[in-house]
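Novice: just to be clear, the model below is a prediction. Sequence and coordinates:
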Amino acid sequence: MPTDYRSSDCMAKVAEYIRNNRADTLRECIDLLETEMNRNRAEQAALVGALYAKKREQKDGNGKTEKYIIKRSFYYEQNE
């Protein structure tokens, strides 16, 4: 087993892949593991991005809608 995948979590996932017939070889297990880890990282990044990006709309004095996108404490104004 390559050293990058010797953690107990990785070993448990490899055993699960083999037990559930999702992979037949160590190489297939590692490919599945990498795919799942990349997907998990992308999902976490999306969640963090959603926490930082909030939209707020308000009407100005002329009835025009202003959208403010809050991103990491910066305000970006979009007028429609």
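Specialist: In hand now; what should we look at?
Novice: lowest confidence element among the helices and strands of this protein?
Specialist: Using mean pLDDT, DSSP states H and E, the weakest-scoring helix or strand in the chain turns out to be strand 74-79, at a mean of 43.
Novice: which SS state does residue 29 fall under?
Specialist: Following DSSP: H, G, I helix; E, B strand; the rest coil, residue 29 is assigned to helix.
Novice: same thing with residue 37?
Specialist: On the basis of three-state DSSP, residue 37 is classed as helix.
Novice: number of nearby residues for it?
Specialist: Applying other CB atoms under 10 Å, we find 13 residues neighbouring residue 37. Bear in mind the C-beta positions are built from the backbone N, C-alpha and C, glycine included.
Novice: and the gap between it and residue 44?
Specialist: To residue 44, residue 37 is 11 Å away according to CB to CB, to the nearest Å.
Novice: same question for residue 6.
Specialist: 23 Å.
Novice: kindly report the same for residue 24.
Specialist: From residue 24 to residue 44 the distance is 30 Å (CB to CB).
Novice: residue contacts, residue 23?
Specialist: By CB atoms under 8 Å, 6 or more residues apart in numbering, the residues touching residue 23 are 14, 17, 29, 31, 32.
Novice: now with 7 Å, please.
Specialist: 17, 29, 32 (CB atoms under 7 Å, 6 or more residues apart in numbering).
Novice: can you get me a residue count around the last one?
Specialist: For residue 32, the neighbour count with other CB under 10 Å is 16.
Novice: what residues of the strand or helix carrying it count as buried?
Specialist: Remark: residue 32 resides in helix 26-52, with elements defined by DSSP states H and E. Of all the residues in helix 26-52, those buried under the rule 16 or more other CB atoms under 10 Å are 29, 30, 32, 33.
Novice: mind checking pLDDT for the first one?
Specialist: Taken from the predicted model, the pLDDT recorded for residue 29 is 96.
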